[in-house]
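*Asks:* here's a sequence, model it:
(one chain, ligands or ions: 1)
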Amino acid sequence: MAKITLQGLAHSYLETPTSPEDFALQELNHDWTDGEAYALLGPSGCGKSTLLNIISGLLIPSHGRVLFDGKDVTHLSTADRNIAQVFQFPVVYDTMTMRENLAFPLKNRGLAASEINARVERIGRMIDMTDVLDRRAAGLTADAKQKISLGRGMVRDDVNALLFDEPLTVIDPHMKWELRTQLKKLHHEFGHTMIYVTHDQTEALTFADKVVVMYDGRVVQIGTPDELFERPAHTFVGYFIGSPGMNLFDAEVQGRTAGIGGAEIDLGEGYRPGPGATKIGVRPEYIRLGQTGIPARVTRVEDVGRHKIVRLDAGGTQVAAIVGEGAPVPDGGTHIVFAPGGVNVYENEWRVVPEGGEAPLGAGREAA
Ligand SMILES: Nc1ncnc2c1ncn2[C@@H]1O[C@H](COP(=O)(O)OP(=O)(O)OP(=O)(O)O)[C@@H](O)[C@H]1O
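*Replies:* Residues are numbered from 1 along each chain as shown. Below you'll find the predicted structure:
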């Protein structure tokens with residue numbers, strides 16, 4: 001396994017880029033720690049595949065360098081980087097059996113037959129295909145073929161990194177969960193450096209130790225699932241992660257107080273944002289309905305089983321609140337307040353650190 005370093009990395013598909021918008025990937029400096037599991041998360045077109053292809057060697061970046069354990073590999077081919085890749089759609093040899101497909105990368109490296117057998121059996125169990133290992137791959141469903149592709153990607157333990165590009169797209173929902181769990185287990189057992197590209201937040205948050213959130217060609221935050229939930233570094237992260245995403249209110253912030261639509265809200269902490277536009281971000285989990293606070297009107301209630309999502313209109317701002325299944329929901333007019341510790345302040349879409357420093361992570365959840 002290797003530490004992967006990105007140094008001044010940027011990429012434009014144009015020959016002579018003239019503005020930042022010409023870059024599919026904006027400048028990025030980052031170390032991917034040896035042995036960690038990362039998810040690269042973001043909407044379609046944000047640059048995830050561009051970044052992954054640069055790491056794997058399918059694409060040479062227009063700027064910057066890629067290092068594996070300090071060695072410059074920017075111009076090395078994929079094969080010479082010693083990585084395993086699994087793509088969105090299956091890549092299997094139809095004329096071979098499943099067993100032969102799984103054994104292929106090991107045979108190529110000249111492993112002993114007994115070692116090959118043991119590993120193939122293990123991976124076969126992991127992808128739940130032991131009884132069909134001797135069937136030919138031709139004629140199998142896309143789902144089954146993709147499981148073989150995943151298995152083949154994971155069969156070697158001497159790779160520098162394992163890269164997955166939306167690998168579960170064709171897998172049925174139940175098996176998705178199962179395979180994700182297995183991948184995580186494999187990661188704990190072998191400590192591979194894994195990079196997993198997805199636009200699905202559940203996939204990213206359940207798989208990864210660290211999630212790298214991309215937006216418009218930029219990495220906007222790298223953090224644990226808890227950090228992304230409690231302290232989204234950019235309003236996009238707040239909106240993209242969570243279901244529903246974070247509520248945003250235009251606000252005037254002065255010290256501990258925010259003015260929102262004529263109401264004054266105590267932020268619980270002091271803030272000193274710069275001169276840019278300020279917003280308050282509050283996740284639906286931290287919105288409370290009551291007699292005081294910002295006037296709002298309930299527009300819809302969605303019962304989603306364990307809790308209800310209450311949709312409100314607060315002076316033209318659309319707000320979502322999550323309330324317990326049995327909690328009463330007023331019909332029409334109400335007020336909203338924010339649970340202590342559940343508030344983030346943004347200036348020009350970037351998070352402002354409270355003057356007194358950061359509270360321990362999770363303080364908001366406990367207070368709520
Ligand atoms: N070969 C290419 N030539 C020119 N532009 C490209 C090329 N590949 C990607 N792009 C552009 O670069 C930007 C980033 O694309 P990229 O495929 O990296 O995003 P993505 O996040 O992986 O999206 P998706 O989830 O849809 O695959 C997009 O604007 C895309 O149109």
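*Asks:* identify the residues contacting the nearest residue to V86 once chain neighbours are set aside.
*Replies:* Once flanking residues are discounted, V86 sits nearest to G153: 3.9 Å by C-beta to C-beta, 6 or more residues apart in numbering. Glycine gets a C-beta too; all of them are placed from N, C-alpha and C. Applying C-beta atoms under 8 Å, 6 or more residues apart in numbering to G153 gives the contacts 84-86, 162, 164, 167.
*Asks:* confirm that G153 sits in a helix.
*Replies:* Yes: according to DSSP: H, G, I helix; E, B strand; the rest coil, G153 belongs to a helix.
*Asks:* list the buried residues in the longest helix anywhere in the chain.
*Replies:* Longest helix in the chain by number of residues (criterion: DSSP state H): helix 173-190. Buried residues in helix 173-190, counted by 16 or more other C-beta atoms under 10 Å: 175-176, 178-180, 182-184, 186-187.
*Asks:* columns distance to the ligand and pLDDT on top of these, output as CSV?
*Replies:* Formatted as CSV, the buried residues of helix 173-190 follow (distance: C-beta to the nearest ligand atom, whole Å; pLDDT from 0 to 100):
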residue, distance to the ligand, pLDDT
M175, 21, 80
K176, 17, 85
E178, 24, 80
L179, 20, 80
R180, 18, 84
Q182, 24, 77
L183, 19, 82
K184, 22, 84
L186, 24, 77
H187, 22, 81
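*Asks:* redo those as JSON lines? Include distance to I287.
*Replies:* Listed next are those as JSON lines, based on distance: C-beta to C-beta, whole Å:
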{"residue": "M175", "distance to I287": "36"}
{"residue": "K176", "distance to I287": "31"}
{"residue": "E178", "distance to I287": "35"}
{"residue": "L179", "distance to I287": "35"}
{"residue": "R180", "distance to I287": "30"}
{"residue": "Q182", "distance to I287": "37"}
{"residue": "L183", "distance to I287": "35"}
{"residue": "K184", "distance to I287": "32"}
{"residue": "L186", "distance to I287": "39"}
{"residue": "H187", "distance to I287": "36"}
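*Asks:* and the residue nearest to T78 when sequence neighbours are not counted, how many neighbours?
*Replies:* Leaving aside its sequence neighbours, T78 sits nearest to G57 (C-beta to C-beta, 6+ apart; 4.1 Å). As a burial measure, G57 scores 19 neighbours (other C-beta atoms under 10 Å).
*Asks:* give the contact list for G57.
*Replies:* Contacts of G57 (C-beta under 8 Å, 6+ apart): 73, 76-78, 80-81, 83.
*Asks:* so among those residues, where is pLDDT lowest?
*Replies:* In terms of pLDDT, the lowest of the contacts of G57 is T78, showing 89.
*Asks:* how near is that one to N160?
*Replies:* For T78, the distance to N160 equals 11 Å [C-beta to C-beta, to the nearest Å].
*Asks:* tally up the residues packed near L40, please.
*Replies:* That count, for L40 with other C-beta under 10 Å as the rule, works out to 27.
*Asks:* what separates whichever helix or strand it is part of from the chain centre, distance-wise?
*Replies:* Per DSSP states H and E: L40 is located in strand 37-41. Strand 37-41 sits 5 Å away from the centroid of its parent chain (C-alpha atoms, centre = their mean, to the nearest Å).
*Asks:* can you check stretch 334-347 too?
*Replies:* 24 Å.
*Asks:* kindly report the same for stretch 263-272.
*Replies:* The answer for stretch 263-272 is 30 Å, by C-alpha atoms, centre = their mean.
*Asks:* also stretch 266-276?
*Replies:* On C-alpha atoms, centre = their mean, the centre of stretch 266-276 falls 28 Å from that of its chain.
*Asks:* so which bits of that stretch are buried?
*Replies:* So for stretch 266-276, counting by 16+ other C-beta under 10 Å, buried means 267-269, 271, 273.
*Asks:* mind checking which of these land in strands?
*Replies:* Per DSSP state E, strands hold the following members of the buried residues of stretch 266-276: 267-269, 271.
*Asks:* just put these in CSV and tack on pLDDT.
*Replies:* Output for those, formatted as CSV (pLDDT from 0 to 100):
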residue, pLDDT
L267, 90
G268, 87
E269, 89
Y271, 94
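*Asks:* about what we covered before: ok, T78 and N160, which is more surrounded?
*Replies:* N160 (19 against 14).
*Asks:* tally of neighbours for the residue nearest to the more buried one when sequence neighbours are not counted?
*Replies:* Spatial nearest neighbour of N160, chain neighbours left out: A2 (4.1 Å); criterion: C-beta to C-beta, 6+ apart. A total of 20 residues lie near A2 under the criterion other C-beta under 10 Å.
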